[in-house]
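Student: Sequence and predicted structure, then a few things I'm wondering about:
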2 protein chains.
Amino acid sequence: MTIQAKRSATIEDVARHAGVSRAAVSKVIRDAYGVSDEMRLRVHASIAELGYRPRAAARAMRGSSYTLGFEIPSIRNHFFPKIITGALAALAGTRYQLIVAPAGLDPDGARQAVQVLIDRQVDGFMTISPTLAPEWFEEIGQRTPVVMLGRHDASINYDTIAGDDIAGARLAVGHLRDLGHRDIVHLTSTPEAEANIPSAPHIVRAAGYERAMTELGCGDRIRIVHVEPNEGASRDAALALLSGDERPSAIFAGHDELALGVLQATAELGLTPAEVSVIGYDDTDIAAYPAVSMTSINQFGTRMGQIVIELLLDRIAGRTEPVHEVIAPRLMVRHSTAPWSGGASRAHTDVRQNELSE
Amino acid sequence: MTIQAKRSATIEDVARHAGVSRAAVSKVIRDAYGVSDEMRLRVHASIAELGYRPRAAARAMRGSSYTLGFEIPSIRNHFFPKIITGALAALAGTRYQLIVAPAGLDPDGARQAVQVLIDRQVDGFMTISPTLAPEWFEEIGQRTPVVMLGRHDASINYDTIAGDDIAGARLAVGHLRDLGHRDIVHLTSTPEAEANIPSAPHIVRAAGYERAMTELGCGDRIRIVHVEPNEGASRDAALALLSGDERPSAIFAGHDELALGVLQATAELGLTPAEVSVIGYDDTDIAAYPAVSMTSINQFGTRMGQIVIELLLDRIAGRTEPVHEVIAPRLMVRHSTAPWSGGASRAHTDVRQNELSE
DNA sequence: TTGAAAGCGCTAACAC
DNA sequence: GTGTTAGCGCTTTCAA
């Protein structure tokens, strides 16, 4: 007999140790009906002593994996952690665990991440996938509880929860109008526009922008610019926009990352906030940070995360009628309060930033 | 026979459809040795036609789950997404998938998140857990490949990869000394200090700070302040520090989030960067953002993520000798370039920020 | 090169 | 209230 790392305990080991059957142990750990207090105690003692942990894989083969999944695109978007935080809070005290599947870098990353979760037999999952076809989720939803975040799908086999993007766009445009602006450009995300999903958040926001512009008497100034959803592309687009002939006096960006790109462009061009107003969407922590202090639309991601879990657990418990939650957004007005001015006089060596993709 | 959602295909279905045995299908999908081209083709055709996906749970029961896990504490720390990005890039093209287990909110969250991964039978995992005992990982490492990030453990059964925190602290202190500072306070994280793991990154950074201070002739000014690792606590501590009797002229924070709290305090107190210098650690995107433009230490998280995957796959392939990687950090000097000054004249309505924990 | 059969750890249905 | 047993969908010997 060779020395080997001891195999970790199975339900069989626990049963033997406690002098009961496997079924009994199974019942105890799921606190199912029909176990005497005495047996519960004995079994729990053995579990503790052996350090037994049920394997999720084995459980998944017979019933539930007690795992919920969350597919997120672009791990670097600061809005998603808010949702995860809310979800984790809602999950505390339940027997369910959360795993996150971040979409990989290739174009089909989101779909693959969803597949990862399905292949792992999660008991249900939430997804943020603005570009994937609703039909696919309708099919998946027949077998697995699904909650779609952000989109306003008229779904049947899955739930949705989204911010009211029409209202949000209206808040943004209204705020800029109040400030006296008329030439308000809307910056939005290219991939979403190309995916042709009318219920996707950025599409709805863009529609809301158009409607608000019209209602507020600027129907003739409607101008939507599409950019790849990253700060660099947004900066470039803003640079072109703001140094062009028809310079807008305000820019409403589809999300904060885009807005930050715009702010960067205004900084580079030496434009003051009085000359061009910028407003973002999502109210990420970077927007709220004092030195940035950017006006944005709060989508209440933490609350969203909590509701998502409730919806998912409901579905797991048997609900089949779809629920479509909509959360009212809120305008967060900010203004820069930096007490010191331009850094010309700062005592710093002038080392260039490196070029790595950090 | 009632109508029901069609069960998704199993290996059995594929085998029947292709007219071969289950074993044959299994070999094909793992491209194992000993299948004819003709059979491979037939099986692949059936797989495509039936839309077959192997269940990770069933595979996990017999062999590997083809899943790697990543445990991260505090999903809101902007440094971790960098690592994940690197890991995802390294994983592209392999048969492995990544799942992330975010530590829940309770005190024991990190341990639980690690357990989540083990219970799911990942083929290996990486972890960022500055406060958990090395002994625990030594035990786990005997059965599951583990890579620890950030810590400088002299481990035997798991690998480590960390930034050179001594060098990083030296860069930070050296930079501040070059700027002429002597009263340099170091802000560090309380839980890590309490956990009593000498190899934890913040502990090493603090040691590096002490050593650098001594070497640079400020041994008499060493001052370390412990704070809870969040922006609010850091702001409060900085407020106390900077309005106290012995106001330091520079603060070196253990990570960017703490540094941001300090910057907030300086802003509130109306202290200019010439009066108090602040330096962070991790070089998160918020530090690099123009309006913030905070000097920080780059740990090259993306590259770390790539190396971590390599180490993990190596271990899965059979390596047993431990590897301890150390990455040289880099000082990123920045200075604020905001072209406009204090916001007093800005045309904005004065709406208060709300109090929600968003 | 291919297939038959055992079994991974668990739960659920049923018998006692 | 408790135990027995039949699988879940795979991979892995081992024979053919």
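Tutor: All right, it came through fine.

Student: pLDDT below threshold where in chain A?
Tutor: Low-confidence segments of chain A, defined by pLDDT under 70: A:1-6, A:336-358.

Student: center of it - which residue?
Tutor: A:F80 (3.3 Å; Cα atoms, centre = their mean).

Student: What distance do you get for A:A267 to DNA strand D?
Tutor: Separation of A:A267 from DNA strand D (Cβ to the nearest atom of the strand, to the nearest Å) stands at 54 Å. Yep, even glycine has a C-beta here, placed from its N, CA and C like the rest.

Student: got it, and A:T284?
Tutor: As defined by Cβ to the nearest atom of the strand, A:T284 lies at a distance of 40 Å from DNA strand D.

Student: Over to A:N196?
Tutor: Per Cβ to the nearest atom of the strand, A:N196 is found 33 Å from DNA strand D.

Student: quick one on the thing from earlier: pretty sure the residue nearest to the centre of chain A is touching A:A87, no?
Tutor: No: using Cβ atoms under 8 Å, A:F80 is not in contact with A:A87; the gap is 10.3 Å.

Student: How about the contacts made by A:T10?
Tutor: A:Y52, A:R55 (Cβ atoms under 8 Å, 6 or more residues apart in numbering or on different chains).

Student: what's the answer for the one 3 residues further on, then?
Tutor: Remark: with contacts taken as Cβ under 8 Å, 6+ apart, A:D13 is in contact with A:L50, A:Y52.

Student: now the helix or strand encompassing it, how far from the centre of its chain.
Tutor: Using DSSP states H and E, A:D13 maps to helix A:11-18. Computed by Cα atoms, centre = their mean, to the nearest Å, the chain-centroid distance of helix A:11-18 equals 42 Å.

Student: ok, and does that helix reach over to DNA strand C?
Tutor: Yes: using Cβ under 7 Å from any atom of the strand, helix A:11-18 reaches DNA strand C at A:I11, A:E12.

Student: Close to DNA strand D: what parts of the stretch 51-200 of chain A are there?
Tutor: Applying Cβ under 7 Å from any atom of the strand, one finds that the stretch 51-200 of chain A approaches DNA strand D through A:A58, A:M61, A:R62.

Student: what subset of the residues you listed is also close to chain B?
Tutor: Of the residues in these, proximity to chain B by Cβ under 8 Å from any Cβ of the partner chain holds for A:A58, A:M61.

Student: okay, the residues of the stretch 51-200 of chain A next to DNA strand D in CSV with neighbour count, distance to B:V14 and secondary structure next?
Tutor: Shown next, in CSV, are these (neighbours: other Cβ atoms under 10 Å in any protein chain shown; distance: Cβ to Cβ, whole Å; DSSP: H, G, I helix; E, B strand; the rest coil):
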residue, neighbour count, distance to B:V14, secondary structure
A:A58, 16, 23, helix
A:M61, 15, 18, helix
A:R62, 8, 22, helix
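
Student: What segments of chain A are helices?
Tutor: A:11-18, A:22-29, A:37-50, A:56-62, A:80-91, A:109-119, A:134-141, A:165-178, A:190-195, A:201-215, A:231-243, A:256-269, A:285-288, A:301-316 (DSSP state H).

Student: what's the closest of the ones you listed to B:H226?
Tutor: With distances scored as Cβ to Cβ, the stretch of the helices of chain A nearest to B:H226 is helix A:285-288 (23.2 Å).

Student: List the buried residues for the closest one?
Tutor: Neighbour counts using 16 or more other Cβ atoms under 10 Å in any protein chain shown place A:D285, A:I286, A:A287, A:A288 of helix A:285-288 among the buried residues.

Student: got it, and stretch A:140-154?
Tutor: Those would be A:I140, A:G141, A:T144, A:P145, A:V146, A:V147, A:M148, A:L149, A:G150, A:R151, A:H152, A:D153, for stretch A:140-154 by 16+ other Cβ under 10 Å.

Student: With stretch A:198-215 instead?
Tutor: Result for stretch A:198-215 [16+ other Cβ under 10 Å]: buried residues A:199-206, A:208-213.
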